[in-house]
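> build me a model from this:
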Amino acid sequence: MTIPLEQNILILAANWETMAHIKQRGGQALLWEDHLSSDLWRELHAAVKTFCHTWYKGTNNQDQSLYDGVSLGQAMSYLMYQDIESWVRVFYFFEDLAKKKIHTYFYVPRHDYFPDILYDYIKKLESAYNTQITIIPLGLQDHRIEFSVRYVLSLNRNKAILKKTRYFKWLKHFWSLKHLLFQKNSGREKWLLLNIRNTQEYLIAFANKKLYDKAILCFDAHYIGARALVKNLFKRGVNVVWDTVPEKKPGPAVDTQIIYVMDSACDGLAFLGDCGRAYFKDICRAYIPGAIHMQIRKYEYFKILIEKNDIQLTVTAGHDSPESYYVSHLMRTKKRKSFFLPHGLVYKDKATFPDRENLADHIFSYSQAEAERWQSVYHVKPERLAHTWCFRQRVQKTHHVKRTDELKIMLLLDNFQVSLASKINIWASFYEVYKLLIDAGFRHIVVRLHPTFYNYHTNRTITPVERQAFFHSAPIQNPFINPLQTSIGRFDLVIGPLTTCVYEAIFSGVLFIPYIPDFFPEKETKQIVSAQWLPGLFPSPCVNAKDLTQMLDEFKNNQTEFYKEFTASIDRAGVHDSQGTNSPWDPIIQGHE
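Numbering: from 1, shown residues only. Got it, this is the predicted structure:
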């Protein structure tokens with residue numbers, strides 16, 4: 001197949017692998033999302049988030065999604081945004097091409113890279129706007145490294161079924177026996193933990209504090225991984241709870257009402273054209289009933305679980321998980337305590353997600369900057385806030401000046417499998433950073449993939465062929481085998497996105513350089529730091545390759561000064577240190593008394 005090179009056409013590549021293939025055959029192509037400006041994507045990003053947080057309020061601004069006093073629309077808004085923004089992006093993108101009558105050749109790895117509905121959509125656009133958009137599959141093998149648009153658009157996180165962890169059916173009898181022999185009628189309270197970050201840190205502190213005389217830590221079988229389950233089988237004061245997920249459905253009247261509300265919201269959309277709006281409306285009509293049904297089942301599940309097990313205290317971690325809202329609401333109705341321990345940096349985003357103050361009665365922060373964000377943005381009163389740390393005492397690491405080719409670099413790749421909201425062309429950013437590091441003289445570079453990568457790449461290992469094709473044969477660190485808390489200390493420098501991994505770096509004495517090209521929704525460094533980073537922490541985020549190149553050059557030539565500034569900035573940023581004396585359980589105990 002000949003790659004067209006005429007001047008009056010647009011040639012697009014679906015992903016990095018496709019673009020490389022075109023170049024090998026003497027052609028040129030543009031990664032498809034790069035055809036539109038980052039500013040436009042940011043505007044669309046903000047508009048979709050606003051839509052997801054407001055659609056359920058109807059024309060009279062009254063919540064139409066209330067169920068047993070809890071707002072299902074609010075609880076599921078973030079996961080909904082992750083699911084549907086990808087649809088909005090592709091609908092917007094292709095209609096924009098059609099409106100501008102740009103004759104387009106769009107190369108994809110395989111025909112099934114797009115779902116059938118998009119091929120139908122493109123035909124409608126060609127007819128409506130009298131233009132031509134040609135999709136050309138190259139017949140490339142799916143390595144499941146760069147995810148397909150079909151896969152991304154198939155995700156419905158709000159409809160995900162609760163599944164017990166692997167090996168559960170073989171282990172449940174052990175848990176029942178352990179409960180019968182050691183914990184029956186113990187008089188201890190039961191505390192439910194969901195999605196806690198650094199679970200092992202809390203379990204170690206729980207044992208050191210001898211809190212097993214006071215409480216039993218309960219992990220839900222649907223929310224604890226097999227490795228953690230097996231590892232904590234014999235821990236004192238630790239148990240696993242579960243129940244049958246109820247089949248409760250709201251009935252046809254609720255479906256009719258919720259679809260009517262969604263239809264009205266879609267009809268008022270201004271960020272899609274006529275064709276895109278019609279297709280998007282059909283997607284939402286198919287999406288919302290199933291999502292609402294599953295959220296009702298999850299809410300009823302936790303209602304049963306908390307009641308049956310007489311849960312007295314809950315600790316959740318998901319900023320945007322529906323479960324956090326459900327558990328908090330249920331505990332509030334029982335006048336019992338709920339705590340929220342952030343898994344992820346607190347983001348100044350009240351304009352599109354204003355209800356995060358409802359995540360729990362008591363909210364923890366890892367730093368003063370985060371505490372101030374909770375107060376100033378989400379209006380959480382100081383008495384509801386508590387400082388915490390789920391890391392060991394900060395390591396006072398001695399740093400020796402090394403040659404550039406001796407320095408060990410950990411390169412963190414973000415959870416780009418979430419949606420097209422995180423640029424699908426993240427591989428372009430990866431190759432850019434990797435080449436930049438090599439050109440700067442760095443030789444010891446290890447790539448650490450986000451655990452969500454393995455939701456798509458179903459094998460837990462990357463083959464040598466895949467490493468060569470996609471990672472320049474760089475070593476890949478498997479997060480399931482190498483916990484970040486124990487492995488990060490072996491490196492001299494970490495480069496990654498805005499992530500709570502910065503705390504592991506801080507407490508391990510390892511320099512962290514944030515690299516965030518095309519960051520959403522802000523683009524200026526000052527705005528980014530104010531919105532999601534730690535003001536005062538050195539170094540500041542790098543927003544493009546030029547910034548990162550300059551930062552690395554300064555680091556290479558002034559390693560000692562860089563580390564001194566980094567260490568001094570930790571206190572300026574107000575990062576809380578346990579100082580080896582307190583327990584991360586102390587704020588929970590104090591708030592519970």
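
> show me what the host helix or strand of N239 is packed up against.
Assigned by DSSP states H and E, N239 belongs to strand 238-241. Using 3 or more CB pairs under 8 Å, 6 or more residues apart in numbering; DSSP states H and E, the elements in contact with strand 238-241 are helix 168-178, strand 189-194, strand 215-220. The way it works is simple: take the backbone N, C-alpha and C, and place the C-beta from them, glycine included.

> which of the ones you listed comes out lowest on mean pLDDT?
With a mean of 66, helix 168-178 has the lowest mean pLDDT of the helices and strands packed on strand 238-241.

> what are the ranges of the helices in the stretch 201-350 of the chain?
Per DSSP state H, counting those that start in this stretch, the stretch 201-350 of the chain carries helices over the ranges 226-231, 252-267, 274-309, 322-333.

> which one of these lies nearest to V446?
Set against V446 and scored by CB to CB, the helices of the stretch 201-350 of the chain come closest in helix 226-231, at 21.4 Å.

> how close does G26 get to T461?
Between G26 and T461 the distance is 35 Å, computed by CB to CB, to the nearest Å.

> I122 is in what secondary structure piece?
Using DSSP H and E, I122 falls in helix 116-129.

> quick check: angle from that helix to helix 274-309?
Following axes from the mean of the first three to the mean of the last three CA atoms, to 10 degrees, one obtains 150 degrees for the angle between helix 116-129 and helix 274-309.

> list the buried residues of helix 116-129.
118, 121-122, 124-125, 129 (16 or more other CB atoms under 10 Å).

> kindly report the same for stretch 291-305.
Residues of stretch 291-305 classed as buried: 291-303, 305 (neighbour count, 16+ other CB under 10 Å).

> over to stretch 368-380?
Along stretch 368-380, these residues count as buried under the neighbour rule (16+ other CB under 10 Å): 368-371, 373-374, 377-378, 380.

> want to try JSON lines for those, with pLDDT and distance to Y279 as columns?
Below are these laid out as JSON lines (pLDDT from 0 to 100; distance: CB to CB, whole Å):
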{"residue": "Q368", "pLDDT": "81", "distance to Y279": "47"}
{"residue": "A369", "pLDDT": "80", "distance to Y279": "42"}
{"residue": "E370", "pLDDT": "82", "distance to Y279": "40"}
{"residue": "A371", "pLDDT": "85", "distance to Y279": "44"}
{"residue": "R373", "pLDDT": "85", "distance to Y279": "38"}
{"residue": "W374", "pLDDT": "87", "distance to Y279": "39"}
{"residue": "V377", "pLDDT": "84", "distance to Y279": "35"}
{"residue": "Y378", "pLDDT": "85", "distance to Y279": "35"}
{"residue": "V380", "pLDDT": "89", "distance to Y279": "40"}
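
> distance to I11 added to those, as TSV?
Output for the buried residues of stretch 368-380, formatted as TSV (distance: CB to CB, whole Å):
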residue	distance to I11
Q368	50
A369	45
E370	45
A371	50
R373	44
W374	48
V377	44
Y378	46
V380	51
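
> just the ones in helices from those, please.
Of the buried residues of stretch 368-380, the ones assigned to helices by DSSP state H are 368-371, 373-374, 377-378.

> flag the shaky bits of the stretch 451-593 of the chain, pLDDT-wise.
For the stretch 451-593 of the chain, the stretches with pLDDT under 70 are 458, 518-523, 576-584, 593.

> where do the strands sit along it?
476-477, 493-496, 511-514 (DSSP state E, counting those that start in this stretch).

> okay if I get those strands as CSV plus distance to G441?
As requested, the strands of the stretch 451-593 of the chain are exported to CSV (distance: least, CB to CB, whole Å):
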stretch, distance to G441
strand 476-477, 22
strand 493-496, 13
strand 511-514, 16
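
> quick one: closest of the ones you listed to H143.
Of the strands of the stretch 451-593 of the chain, nearest to H143 by CB to CB is strand 476-477, at 13.4 Å.

> partner strands of that closest one, with direction?
Counting by DSSP bridges, the strands paired with strand 476-477 are strand 444-448 (parallel).

> give me the distance from the partner strand to the chain's centre.
21 Å (CA atoms, centre = their mean, to the nearest Å).

> what lies in contact with that strand?
Outside strand 444-448, the residues that touch it by CB atoms under 8 Å, 6 or more residues apart in numbering are 405-413, 430, 434, 437-438, 471, 474-477, 479, 482, 484, 491.

> what mean pLDDT does it get?
Per-residue pLDDT over strand 444-448 has a mean of 94.

> please save the CA atoms from that strand in CSV.
C-alpha atoms of strand 444-448 as CSV (Å, rounded to 0.1, in the frame of the first residue of the first chain):
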residue,chain,number,x,y,z
HIS,A,444,20.6,3.7,33.8
ILE,A,445,17.0,4.3,33.0
VAL,A,446,14.2,2.0,34.4
VAL,A,447,10.6,2.4,33.3
ARG,A,448,7.8,1.8,35.8
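
> distance of the residue nearest to I570 when sequence neighbours are not counted relative to L407?
Counting by CB to CB, 6 or more residues apart in numbering, I506 is the residue found nearest to I570 once chain neighbours are left out, at 5.6 Å. To L407, I506 is 19 Å away according to CB to CB.

> more neighbours, those two?
Legend: neighbour count by other CB atoms under 10 Å for I506 and L407, higher for I506 (25 against 21).

> so the more buried one makes contact with V575?
Yes. Contact criterion CB atoms under 8 Å: I506 and V575 qualify, at 5.8 Å.

> just to revisit the earlier point, the buried residues of stretch 368-380: which two are farthest apart?
Farthest pair in these, by CB to CB: Q368 and Y378, 15.6 Å.

> can you redo the buried residues of stretch 291-305 as TSV with distance to Q559?
Converted to TSV, the buried residues of stretch 291-305 look like this (distance: CB to CB, whole Å):
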residue	distance to Q559
A291	51
I292	55
H293	56
M294	52
Q295	51
I296	56
R297	55
K298	50
Y299	53
E300	57
Y301	52
F302	50
K303	55
L305	52
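
> can you get me a residue count around the closest residue to R373 other than its chain neighbours?
Among residues not flanking R373 along the chain, V346 sits closest, at 5.0 Å (CB to CB, 6+ apart). Other residues near V346 come to 23 when the count uses other CB under 10 Å.

> kindly report the same for Y431.
Neighbours around Y431, by other CB under 10 Å: 15.

> rewinding a little: run the chain-centre distance for the helix holding I122.
With CA atoms, centre = their mean, you get 32 Å for helix 116-129.

> repeat for stretch 556-575
28 Å.

> so what touches that stretch?
Taking CB under 8 Å, 6+ apart as the rule, stretch 556-575 contacts 366-369, 371, 394, 399, 401-402, 404, 407, 440-441, 503, 506, 509, 511-512, 534-539, 554-555.

> buried residues, it. List them.
The neighbour-count check on stretch 556-575 (16+ other CB under 10 Å) flags 556, 559, 562-563, 566-567, 569-570, 573-575 as buried.

> tell me the one of the residues you listed nearest L272?
Distance to L272, by CB to CB, is smallest for A573 among these, at 40.7 Å.

> any idea how far the closest one is from V502?
In terms of CB to CB, A573 sits 10 Å off from V502.

> end to end, how far does stretch 30-49 reach?
27 Å (CA to CA, to the nearest Å).

> tell me the buried residues in it?
31-33, 38, 41-42, 44-49.

> a markdown table for those residues, including distance to C275, secondary structure and pLDDT?
A markdown table is the format used below for those (distance: CB to CB, whole Å; DSSP: H, G, I helix; E, B strand; the rest coil; pLDDT from 0 to 100):
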| residue | distance to C275 | secondary structure | pLDDT |
| --- | --- | --- | --- |
| L31 | 24 | strand | 86 |
| W32 | 18 | helix | 88 |
| E33 | 20 | helix | 82 |
| S38 | 24 | helix | 79 |
| W41 | 20 | helix | 85 |
| R42 | 23 | helix | 82 |
| L44 | 16 | helix | 89 |
| H45 | 21 | helix | 85 |
| A46 | 22 | helix | 85 |
| A47 | 18 | helix | 91 |
| V48 | 18 | helix | 91 |
| K49 | 23 | helix | 88 |
